[in-house]
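[1] Just need the structure, nothing else, for what follows:
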Amino acid sequence: MAAQAPRALLCMAGLIAACTNNPKISAGGGGRTGRGGSAGNSGSGAAGGAPDPGFTFHPADAGTAGQGGAPPPMPGMYSGGVTRPCANLECRQTTCVMGDCKEKVCAGGARTRVSGRIYDPAGKVPLYNIVVYVPNAPLDPIGTGPSCDRCDSPVSGKPIASTLTDTKGDFVLDNVPVGDGVPLVIQIGKWRRQVTLPAVKACGDNPIDDRNLLRLPRNQKEGNIPRIALTTGGYDRLECLLRKIGIEDSEFTPEGGPGRVTLYGGRGNLNGPPTVQYAPALNGGAMFTPATTFWNSSANLGKYDLVVLSCEGDWNTIDKGPTAKQGLVDYADKGGRVFASHWHEVWIQFGPPPWDTIGNFVPGVGGFMNQLPDLPDQFATDVDTSFPKGAALADWLVNVQASTVRGKLPVTQGKHTLLSVNTALARPWISSTTIPTDFLNPSATGVQYVTFNAPVGAGAGKECGRTVFTDIHVSAGDMAGPPFPTGCVTTDLSPQEKALEFMLFDLSSCVQPDEAPPKPPVIP
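    I've put the predicted structure just below:
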């Protein structure tokens, strides 16, 4: 009997698997109890058999060990010494050993898993770094406007199983509750959709091959979409990109409307007229509010989660004075997200410090915009694979058939405005050092995609917002000028539009240092 004392102490500490893997354990320590232990008294019973993991431990079932049997767990003690009873869906997990567990522990180390692939709202392009989890409580509403959403912040709903999608958009979610009605949350930043899984079978994989189920929301009925302000321009049809990734037309409404996307009218010229109104069949053909009205007001900026600035074909500095530029910086510092295309570099190049030190842009001439000649069509730019998300982008581009060579992205109408980046403040993603040079183009270097967190230079743990600058337009095909959405005539994404989609969703995600690999939410 004395020899059993050390084992008893270990069992009470939850350190012997045979003691703790059996939630309903009788005095002999296994599925069959020695006679001497059945009444809780010392006796000559046989040693206990192998544990049966399929029951919940009830303190009233326990007695003291008979001779040859292991001591019972202390009342209320379960695997690893945890004393909290299971709650809600925890009780349907096959790892449950706490309280009123509903499922047997899987034999032979098997696990209950759900696997699948997550897509953009259109259900066409698989997405990287999407959070997939099972909540164990109702989800909190997602607020609108800039907010400091860092990746070390907990997600809503007290998750009990979580993971991230890989560069193929695939996920494997471990320890999923068994049975019908299990909720699944698909989220990146303020994009969030909750769906209900098909019946989950215990102790094996449950693959799901349903693009309509495993995608981000197309409208507010399906889930949450960030509130987006998009200013149009005569040289980029980013409003058409939002349609192609899957946002429904009903979500595009005039300023003050109920939709999640508000279009504001930017500038253009005779060669690139901007779209400035809706088609008659959408919002009655309403005119867009001018972009200057939007970005000259900090209060207006603060109504949106994401600001998208389409290239206007010029700096148009008269529209973007010091107050507007400072307002955009303040918006990003508070947690806003900014996506700026080509000539919207003016917000950075001539922005307040330290934005004006982000990169080395081609200087203007006599106060007018200036750039070097465009990159040759289908020029193969280089993806920076030296940091985790850059390496993921290179793999993802191959997986979505946007690139045939890892680390290379062919671009059309690539611009040559940003020559280099201050890497102490910003992160270049796609660039080149082999651009053909001649008398008109003396520089072989150029940066096509760059990101920086805000406040700029604040350091890890203090950053809230994020900005993307792209020197690549959406590819030709959609028409500038016609009322929205009649000018959006293409339906599939070009290779460089897929890269834009990657950057758009990365912009929406929680903020973290780019040097760190993404991690799934911590299970409390």
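[2] From residue 313, how far out is the spatially most central residue of the chain?
    The residue lying closest to the centre of the chain (CA atoms, centre = their mean) is residue 188, at 2.8 Å. Residue 188 sits at a distance of 32 Å from residue 313 (criterion: CB to CB, to the nearest Å). For every residue, glycine as well, the C-beta is placed using N, CA and C.
[3] Do you have the strands of the stretch 101-250 of the chain handy? List them.
    Here the stretch 101-250 of the chain has its strands, by DSSP state E, counting those that start in this stretch, at 113-117, 131-134, 161-164, 170-174, 183-188, 191-196, 205-207, 228-231.
[4] Tabulate those in a markdown table, adding columns for mean pLDDT.
    Listed next are the strands of the stretch 101-250 of the chain as a markdown table, based on pLDDT from 0 to 100:
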| stretch | mean pLDDT |
| --- | --- |
| strand 113-117 | 98 |
| strand 131-134 | 98 |
| strand 161-164 | 98 |
| strand 170-174 | 98 |
| strand 183-188 | 98 |
| strand 191-196 | 98 |
| strand 205-207 | 98 |
| strand 228-231 | 98 |
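[5] can you list the ones you listed in JSON lines and add distance to residue 447?
    Formatted as JSON lines, the strands of the stretch 101-250 of the chain follow (distance: least, CB to CB, whole Å):
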{"stretch": "strand 113-117", "distance to residue 447": "32"}
{"stretch": "strand 131-134", "distance to residue 447": "29"}
{"stretch": "strand 161-164", "distance to residue 447": "28"}
{"stretch": "strand 170-174", "distance to residue 447": "31"}
{"stretch": "strand 183-188", "distance to residue 447": "25"}
{"stretch": "strand 191-196", "distance to residue 447": "27"}
{"stretch": "strand 205-207", "distance to residue 447": "41"}
{"stretch": "strand 228-231", "distance to residue 447": "23"}
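[6] closest one to residue 342 among the ones you listed?
    Residue 342 lies closest to strand 228-231 among the strands of the stretch 101-250 of the chain, at 12.8 Å (CB to CB).
[7] who does the closest one pair up with?
    Strand 228-231 has the following sheet partners, assigned by DSSP bridges: strand 261-265 (parallel), strand 306-309 (parallel).
[8] Quick check: which of those is buried the most?
    Ranked by mean neighbour count, those are led by strand 306-309 with a mean of 26 (mean count of other CB atoms under 10 Å).
[9] can you state the direction angle for the biggest helix by length in the chain and strand 191-196?
    Criterion DSSP state H: the longest helix present in the chain is helix 495-508. Orientation check (axes from the mean of the first three to the mean of the last three CA atoms, to 10 degrees): helix 495-508 against strand 191-196 gives 90 degrees.
[10] Report the distance from helix 495-508 to the chain centre.
    Relative to the mean C-alpha coordinate of its chain, helix 495-508 is positioned 12 Å out (CA atoms, centre = their mean, to the nearest Å).
[11] tell me the mean pLDDT over it?
    Averaging pLDDT along helix 495-508 yields 96.
[12] Report the beta-bridge partners for the closest residue in space to residue 429 that isn't next to it in sequence.
    Take residue 429 and drop its neighbours on the chain: the residue closest to it by CB to CB, 6 or more residues apart in numbering is residue 449, 4.0 Å away. Per DSSP bridges, the residues bridged to residue 449 are residue 430, residue 470.
[13] how close does residue 449 get to residue 188?
    From residue 449 to residue 188 the distance is 18 Å (CB to CB).
[14] repeat for residue 469
    For residue 469 relative to residue 188 (CB to CB), the value is 21 Å.
[15] Could you pull out the helices in the stretch 251-400 of the chain for me?
    291-295, 298-301, 322-333, 346-349, 388-399 (DSSP state H, counting those that start in this stretch).
[16] out of the ones you listed, deepest packed?
    Stretch with highest mean neighbour count among these: helix 346-349 (a mean of 23; mean count of other CB under 10 Å).
[17] So which elements touch that one?
    Judged by 3 or more CB pairs under 8 Å, 6 or more residues apart in numbering; DSSP states H and E, the packing partners of helix 346-349 are strand 337-341, strand 359-361.
[18] Turn those strands into CSV, columns for mean neighbour count, distance to residue 272 and mean pLDDT.
    Output for the helices and strands packed on helix 346-349, formatted as CSV (neighbours: other CB atoms under 10 Å; distance: least, CB to CB, whole Å; pLDDT from 0 to 100):
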stretch, mean neighbour count, distance to residue 272, mean pLDDT
strand 337-341, 25, 13, 97
strand 359-361, 20, 21, 96
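[19] could those strands go into CSV alongside distance to residue 481?
    CSV is the format used below for these (distance: least, CB to CB, whole Å):
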stretch, distance to residue 481
strand 337-341, 17
strand 359-361, 28
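[20] so which of those strands gets nearest residue 123?
    strand 337-341 (22.6 Å).
[21] All good on my end, thank you.
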